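[1] Provide a 3D model corresponding to the input given below.
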Amino acid sequence: MSKDIFSNKFLIKKTYANKKQQKKEMWDVKGILKERSNKEFKFDVRPLDTENKIVFKKISTNSKADKIVVEQEEAWYIIEAKELHQYIIKNKLKQIDLLEIITKLEWNITLTKQ
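    All right, here's what the predicted structure looks like:
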C-alpha cells in the first residue's frame, strides 16, 4: 500500500514521518480522518509482507502509532493500536487473523475502496 494513496484519499492536515520516526516510532503519516474525526492520529500504513506464502504485518507494542492500517483488495481496515496491543498481550497471541480480530475489537473502521 502506498501511504500516499491512503493519506490523500482519507486524511486531512497530514504530515509524513521522517525516517527516524518510521523506524523508532513505527508510524508513517499523521493526520485527521476526513469526515470521521476531528482528532489527529498517527497511522502505521506499512504494507503487508509475504513469507512462505503467508501474508503478515509485523507490529510492536512499542509503536507510537495510534492506528494500524491494513490494506486488502476490497478495503482499508483501520484498527486502534492500543486496543489491539492489549488484546494481543491479554490473549498471549503471536499471530492474529485480520478479519477475525476486527470482530473482537471495539474500535475499528472499514473504508471500502470505490
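
[2] torsion angles phi and psi at the residue nearest the centre of the chain?
    For the chain, I68 is the residue whose C-alpha lies nearest the centre (CA atoms, centre = their mean; 1.5 Å). Backbone torsions of I68, given as degrees, to the nearest 10, read phi -110, psi 130.

[3] show me what contacts it?
    Residues near I68 by CB atoms under 8 Å, 6 or more residues apart in numbering: 43-44, 57, 59, 78-79, 81, 84. C-beta: built from backbone N, CA, C; applies to glycine.

[4] any regions of this structure where pLDDT drops low?
    By pLDDT under 70, the weakly predicted segments of the chain are 1-3, 53-56.

[5] in it, which spans are helices?
    Taking DSSP state H to define them, one finds helices in the chain at 3-10, 19-20, 81-90, 98-104.

[6] which strands and helices lie in contact with the last one?
    Based on contacts counted as 3 or more CB pairs under 8 Å, 6 or more residues apart in numbering; DSSP states H and E, the elements that helix 98-104 packs against are strand 75-80, helix 81-90.

[7] related to what we said a few turns ago, let me know the closest of the contacts of I68 to K94.
    Distance to K94 across those (CB to CB) is lowest for I59, with 11.3 Å.

[8] ok, the closest one - contacts?
    Neighbouring residues of I59 by CB under 8 Å, 6+ apart: 26, 44, 68, 81, 84-85.

[9] can you flag the buried ones in those residues?
    Burial by neighbour count, judged by 16 or more other CB atoms under 10 Å, picks out 26, 44, 68, 81, 84-85 from the contacts of I59.

[10] what's the farthest-apart pair in the residues you listed?
    Using CB to CB, the pair of these lying farthest apart is M26 and L84, separated by 12.9 Å.

[11] and the residue of the chain most remote from its centre, how far is that from E71?
    The C-alpha centroid of the chain is most remote from N52, which lies 22.9 Å away (CA atoms, centre = their mean). Counting by CB to CB, to the nearest Å, the gap from N52 to E71 is 21 Å.
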